[in-house]
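K.L.:
structure for the following, please:
(one chain, ligands or ions: 1)
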Amino acid sequence: MVQIAVMGYGVVGSGVVEVLTTHTDHIAKRAKEEIGIKYILDLREFPDSPFADKFTKSFDDIINDPEVRVVVEVMGGLHPAFEYSMRCMEAGKSVVTSNKELVATKGAELLKVAQEKNVNFLFEASVGGGIPIIRPISQCLAANDVIEIAGILNGTTNFILTKMIHDSMDFQDALALAQKLGYAERNPAADVEGADACRKICILASLAFGRHVYPEQVHTEGITNISLADVEYAEQWGGVVKLIGRVKQMESGKLQIIVCPMFIPRESQLANVDDVFNGIMVRGDSTGDVVFYGKGAGKLPTASAVVADVIDCVKHFKARKYLFWGEGSPDYVEDYLDDKVSMYVRAHTDNEALALGNANHLLGKINHLTRKNAPAGEIAFVTETMPERAIVEKLKKLSELGVTIENTIRIGEL
Ligand code: HSE
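P.N.:
Residues are numbered from 1 along each chain as shown. A predicted model of the protein is given here:
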């Protein structure tokens, strides 16, 4: 029997305990060992839990018990999750986590210690919940050079955008519905402002390209500025608005990486990823596009990925799983303003014909968009592809000519 500890008894932690205790025989067959839960670490009281005898408030119980060989970190947040995970590995215990903030911020350090101590640090559940994506990139696609990864990585914002697109709900109503259904947190900032998707694309980029990308290196925009007008113009253009995390490697070796809403064409495989689902496209030089789709969040999908990692740890006590990336550096990521993009622009003017003429003059050929019942003075267009810095400069000149820029959204040719 292999003993493990679970740190954190929230949504994911209780799911991990549930999966381990309801699938005991099946898991033992897969792991070739029985897996027992010796401790559950949580500061709260759970006197009525069937696992009441396993609860502890002291991390020392776990770190000082040589019987515990795998520790599941599902507390969330950076501290003390980082210190506890480090200490566990330094004490020779493998660590499994679903904590994307931890992996996105400290992954390189944690993987280095795992390597030095010959233990495993696994985090399949940190991206895409129950969708297999870490193992496929690190193992199944290992013979490829990854060219690009682009994905819908956040279920809450995808649900909100789906309601805006299909039910014409405005952002605030769709967010309130997401909160009512338990998808969005009471404080939804990390989802709607893009931080959650940013952490996930950092993890995928680090894994695929071999060096750590830190969240603060990624230009990140959320969906709080998206209006129904933008959704209608996207439809008129031939697509939908989605919050996309995207990374590409340039010939120089540097990465282009961004999280932002994008217009994506209706034919794109990601355009029909709706509701709380996630979709991740990995473009390999040999495979072409491979797309992963499924539930990116939720108690049991996420717990399923965590438990699969626990099984892998138990099967690989002797032969360590290979999962590694090195430290990053400030110049590893290109300035997003140097990326070439085409941009949708929505603006307000007192003189539509003059404003469109000026836009054409400044930006080259523009693709003028219209929508039914547009308020007087509203104009919208899509620019040609050029460095984003040039678009920003030209739009500044356009606003000096009396045009108020209300929103800009990048076009994603996915
Ligand atoms: N808040 C996240 C989402 C949960 O909505 O996708 C999973 O990371």
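K.L.:
for the rest of this, base every contact and every neighbour count on C-alpha atoms.
P.N.:
Will do.
K.L.:
residues of the chain that sit close to the ligand?
P.N.:
The chain has residues Asn154, Gly155, Thr156, Asp191, Gly296, Ala297 near the ligand, with proximity defined as CA under 6 Å from any ligand atom.
K.L.:
my read is that the second one contacts Gly296, right?
P.N.:
Yes. In this structure, Gly155 sits in contact with Gly296. The criterion is CA atoms under 8 Å, and the distance is 6.1 Å.
K.L.:
quick one: common contacting residues for the two?
P.N.:
Taking CA atoms under 8 Å, 6 or more residues apart in numbering as the contact rule, Gly155 and Gly296 both touch Val276, Phe277, Asn278.
K.L.:
including neighbour count, secondary structure and pLDDT, could the residues you listed go into JSON lines?
P.N.:
Listed next are these as JSON lines, based on neighbours: other CA atoms under 10 Å; DSSP: H, G, I helix; E, B strand; the rest coil; pLDDT from 0 to 100:
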{"residue": "Val276", "neighbour count": "23", "secondary structure": "coil", "pLDDT": "94"}
{"residue": "Phe277", "neighbour count": "22", "secondary structure": "strand", "pLDDT": "96"}
{"residue": "Asn278", "neighbour count": "27", "secondary structure": "strand", "pLDDT": "97"}
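K.L.:
for the stretch 51-200 of the chain, which segments count as helices?
P.N.:
59-63, 81-90, 100-117, 134-135, 155-167, 171-180, 189-192, 195-209 (DSSP state H, counting those that start in this stretch).
K.L.:
closest to Pro265 out of the ones you listed?
P.N.:
helix 155-167 (13.8 Å; CA to CA).
K.L.:
mind listing residues that contact that closest one?
P.N.:
152, 169-171, 174-175, 178, 183-184, 191-192, 223, 228, 231-232, 240-243, 274-278, 295-297.
K.L.:
next: stretch 126-138.
P.N.:
Against stretch 126-138 from outside (CA under 8 Å, 6+ apart): 97-100, 103, 123-125, 153, 200, 203-204, 207-208, 278, 292-298, 300-305, 323.
K.L.:
ok so, going back, just say which of the helices of the stretch 51-200 of the chain is most tucked in.
P.N.:
Most buried of these, by mean neighbour count (mean count of other CA atoms under 10 Å): helix 195-209, with a mean of 26.
K.L.:
ok, back up a step: buried members of the contacts of stretch 126-138 into PyMOL, please.
P.N.:
This is the PyMOL syntax for the buried subset of these, where burial follows 16 or more other CA atoms under 10 Å:
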select buried, resi 97+98+99+100+103+123+124+125+153+200+203+204+207+208+278+292+293+294+295+296+297+298+300+301+302+303+304+305+323
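K.L.:
which ones among the contacts of stretch 126-138 are found in strands?
P.N.:
Counting by DSSP state E, the contacts of stretch 126-138 place Thr97, Asn278, Phe292, Tyr293, Gly294, Lys295 in strands.
K.L.:
mind checking pLDDT for the fifth one?
P.N.:
pLDDT, Gly294: 96.
K.L.:
sorry, back to before: and the helices of the stretch 51-200 of the chain as a markdown table, adding mean pLDDT and distance to Met75?
P.N.:
Shown next, in a markdown table, are these (pLDDT from 0 to 100; distance: least, CA to CA, whole Å):
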| stretch | mean pLDDT | distance to Met75 |
| --- | --- | --- |
| helix 59-63 | 98 | 12 |
| helix 81-90 | 98 | 7 |
| helix 100-117 | 97 | 10 |
| helix 134-135 | 96 | 20 |
| helix 155-167 | 97 | 20 |
| helix 171-180 | 95 | 22 |
| helix 189-192 | 97 | 17 |
| helix 195-209 | 98 | 16 |
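K.L.:
tabulate those helices (TSV), appending distance to Asp53.
P.N.:
Shown next, in TSV, are the helices of the stretch 51-200 of the chain (distance: least, CA to CA, whole Å):
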stretch	distance to Asp53
helix 59-63	13
helix 81-90	22
helix 100-117	29
helix 134-135	34
helix 155-167	35
helix 171-180	34
helix 189-192	35
helix 195-209	35
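K.L.:
residue ranges with poor pLDDT in this structure?
P.N.:
Judged against pLDDT under 70, the chain has no low-scoring part.
K.L.:
quick one: Arg69 and Asp170, what's the gap?
P.N.:
49 Å (CA to CA, to the nearest Å).
K.L.:
neighbour count for these two, which is higher?
P.N.:
The neighbour count for Arg69 versus Asp170, taken as other CA atoms under 10 Å, is higher for Arg69 (23 against 18).
K.L.:
ok, that one touching Glu90?
P.N.:
No. Assessed by CA under 8 Å, Arg69 is found out of contact with Glu90, at 11.8 Å.
K.L.:
how close does the residue nearest to Leu323 when sequence neighbours are not counted get to Glu251?
P.N.:
Of all residues not flanking Leu323 in the chain, Ser138 sits nearest, at 6.9 Å (CA to CA, 6 or more residues apart in numbering). Ser138 is 22 Å from Glu251, where distance means CA to CA.
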